[in-house]
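1. The following comprises the amino acid sequence and a computationally predicted model.
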Amino acid sequence: MSGSGSSLDTGRLLRLYVLIAAVSAVFLITAQEVVSGTLYNVTVVVVGVVALVTAITGFLIATAESARGVGE
């Protein structure tokens, strides 16, 4: 953990969010070349939902790690 141990590891969280954004962007650019119309719109929504769930999970893991560091 970085910092005093009682705060979130913001560096790790930021790297996770950048990775999620990069993977989502690459997937959407690739999907735009392959699919079109309504299927592309559905793809955008699905990728967005998966990215959001992954970001929330990452935040919860970081929060749990922070709480574990405070309890020790």
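-> Good, I have the coordinates. Residues are numbered from 1 along each chain as shown.

2. Please make it C-alpha for all contacts and neighbour counts, starting now.
-> Fine.

3. And the spatially most central residue of the chain, how close does it get to Leu8?
-> With distances taken as C-alpha atoms, centre = their mean, the chain has Ala55 as the residue nearest its mean C-alpha position (3.2 Å). Computed as C-alpha to C-alpha, to the nearest Å, the Ala55 to Leu8 distance reads 14 Å.

4. so who does the residue nearest to the centre of the chain touch?
-> 16-17, 20 (C-alpha atoms under 8 Å, 6 or more residues apart in numbering).

5. Of those, which is the nearest to Gln32?
-> Ile20 (18.1 Å; C-alpha to C-alpha).

6. Wait, that closest one touches Val50, no?
-> No. Contact criterion C-alpha atoms under 8 Å: Ile20 and Val50 do not qualify, at 9.4 Å.

7. the more surrounded of these two?
-> Ile20 (16 against 13; other C-alpha atoms under 10 Å).

8. With adjacent residues omitted, what lies nearest to Ala51?
-> Ile20 (6.2 Å; C-alpha to C-alpha, 6 or more residues apart in numbering).

9. same check, this time on Gly48
-> Nearest to Gly48 is Ser24, by C-alpha to C-alpha, 6+ apart, at 7.7 Å.

10. element containing that neighbour, please.
-> Here Ser24, judged by DSSP states H and E, is contained in helix 10-34.

11. And Ser36, by the same measure?
-> Counting by DSSP H and E, Ser36 is part of no helix or strand.

12. Need phi/psi at it.
-> phi -140, psi 170 (degrees, to the nearest 10).

13. Tell me, how many residues neighbour it?
-> Ser36 has 11 nearby residues by other C-alpha under 10 Å.
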